[in-house]
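[1] Fold the stuff below for me.
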Amino acid sequence: MRADGRVRLLTVSPIAQRFVAMLMLSAALVAGIGAHAYRQALVEIEQRANDVARLQDDHRARMEELAEALTRAADRGRAEAAEAVASLMEQRNELIERMHDVEQRLASAESERERAQTTHEGLLDKLRQIETRPVARGEGAPERAASVERLRVEALAERGRLAVEDQRLALEMRAANSDLARLRAGERDAARAQDATLVELGGRTRVQIDEIVRVLRSTGLTPERVLANRGSSAGGPFAPPAANAPAADGLAPASLQLASLGADLERLRDMRTALRRLPFGPPLRDYGVMSPYGVRRDPFNGQLAMHSGLDMSAPMRTPVMATAPGRVSVASWSGEYGNLVEIQHDFGITTRYGHLTRIDVRVGQRVERQQTVGLLGSTGRSTGPHVHYEVIVDGRTVDPARYVEAIRNVRKIE
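    Okay, the predicted model is just below:
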């Protein structure tokens, strides 16, 4: 020890030396245990993150199965409805055919009755002609009387046969008219039932279409945008048809109703398909909103600035999910975004996920809805753990909250 310009030696007893050595050894042990505990904690954190990712993937798979089940149920409902309409159409067509058969029977009976009446009148004419015809030379009275009597007997027999036949035909015509009236009543009932079924199905279908349209418009999208280039080409100004107006394709009114319903069902199917391809819902399961979309005070310099996304907070390394199917266009460090994933979706829509601590996808990779694309972090220009989520339509950012909140209405529709 140096003091007052002189060096003094301190003598440490062996016990003190052992005590100091034990202290140093203990410190080394504590440091080693601490380092080991820290490494163990990192391993456990990584394992938990992997477990969360696996659970997230399992949840995504279950949601996909549920979506498929809902689609199958909807398809099954549409198939049952179409089957019910087809059954009504078949019953109605059968009634119409039976009505046609009865009408033919009535027409045949009427023709037969007219033929019998004509035959009877012909015999009476012959009888009158013989009675009024002058007596021919060489013809005796007995011969003429015998001829008249023979014709009179034939006429009476024919009249009797005609009376019986007329009675039979009258009964048959009454029965046919009764059948015809019953069939016509049944046809009217079948037509009303068919119309009611078509109206109900069409109404339910249009209600669902209107609900989807409202969801789309709430995000700023239009049905025309998501249904562009789908289906066949057709056009012309809209004008409601008159009651007796012929169909452009030669269809009966019922067939026009079926064609209209089929078009609505096809439109509903296409719109449901579009819903599954749009980025509806949040990229995190549980989150808090740190900063909404729009003008705000910058968290670093306090100046007003445009915030182009939605900042959603959650624990560090929380899995961040794709909000719709698409293809990865960016998966790398990107300046103030930090680690950034960008996904190109259908309909000219792009989503971005910034400040990730880890990226789990690569450029060009195809991803599905709710597939993990990375882990939440605080890289880049960030004040704390969160994901900066953007929705871009035609190259311009829009409020992601519209798409996040729309998922509630989409679930109601499904």
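[2] I'd like to know which elements the helix or strand harbouring residue 164 is packed against.
    Under the criterion of DSSP states H and E, residue 164 resides in helix 141-218. Here helix 141-218 touches helix 14-132, helix 223-226, helix 253-277, helix 400-413, going by 3 or more CB pairs under 8 Å, 6 or more residues apart in numbering; DSSP states H and E. Using the backbone N, CA and C atoms, a C-beta is placed for each residue, glycine as well.
[3] which ones are touching residue 353?
    283, 320, 340, 341, 342, 343, 373, 374, 387, 388, 389 (CB atoms under 8 Å, 6 or more residues apart in numbering).
[4] hmm, back to that, now the helix holding residue 164: mean pLDDT?
    For helix 141-218, mean pLDDT is 77.
[5] same check, this time on stretch 406-414
    Stretch 406-414 comes out at a mean pLDDT of 69.
[6] again, but for stretch 286-305
    Per-residue pLDDT over stretch 286-305 has a mean of 91.
[7] quick one: residue 340 from residue 357, how far?
    For residue 340, the distance to residue 357 equals 12 Å [CB to CB, to the nearest Å].
[8] For the two, indicate the residue with more neighbours.
    The neighbour comparison of residue 340 against residue 357 (other CB atoms under 10 Å) goes to residue 340, with 23 against 18.
[9] Which residues does that one form beta bridges with?
    residue 332 (DSSP bridges).
[10] Domains in the chain, by residue range?
    Per the record, the chain has its domains at 2-62, 75-134+141-226+247-277, 288-293+308-413, by automatic domain parsing.
[11] quick one: which of the ones you listed has the weakest pLDDT on average?
    Of all the domains of the chain, mean pLDDT reaches its minimum on domain 2-62 (a mean of 58).
[12] got a list of what residue 406 touches?
    Contacts for residue 406 (CB under 8 Å, 6+ apart) come out as 215, 218, 219, 280, 281.
[13] Show the buried residues in these.
    When these are checked for burial by 16 or more other CB atoms under 10 Å, the buried set is 215, 219, 280, 281.
[14] Thought residue 404 was touching the last one, still the case?
    Yes. In this structure, residue 281 sits in contact with residue 404. The criterion is CB atoms under 8 Å, and the distance is 6.4 Å.
[15] now, which of the contacts of residue 353 lie within strands?
    With strands taken from DSSP state E, the overlap with the contacts of residue 353 comprises 320, 340, 341, 342, 343, 373, 374, 387, 388, 389.
[16] beta partners of the spatially closest residue to the fifth one that is not a sequence neighbour?
    The shortest distance from residue 343 to any residue other than its chain neighbours is 4.2 Å, reached at residue 326 (CB to CB, 6 or more residues apart in numbering). As for beta bridges, residue 326 partners with residue 367 under DSSP bridges.
[17] And for residue 306?
    Applying DSSP bridges, one finds that residue 306 bridges with residue 295.
[18] what about it, distance to residue 288?
    When CB to CB is applied, the distance between residue 306 and residue 288 equals 22 Å.
[19] hmm, back to that, JSON lines for the contacts of residue 406, including distance to residue 274?
    Below are the contacts of residue 406 laid out as JSON lines (distance: CB to CB, whole Å):
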{"residue": "215", "distance to residue 274": "10"}
{"residue": "218", "distance to residue 274": "14"}
{"residue": "219", "distance to residue 274": "12"}
{"residue": "280", "distance to residue 274": "11"}
{"residue": "281", "distance to residue 274": "15"}
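[20] biggest separation within those, which pair?
    Spanning the widest gap among these are 218 and 281, at 13.7 Å by CB to CB.
[21] For residue 313, state which of the contacts of residue 353 is nearest.
    residue 387 (8.3 Å).
[22] who's in contact with the closest one?
    283, 284, 311, 312, 314, 320, 353, 354, 355, 356, 376.
[23] Residue 90: which of those is nearest?
    For those, the closest approach to residue 90 (CB to CB) belongs to residue 283, at 51.0 Å.
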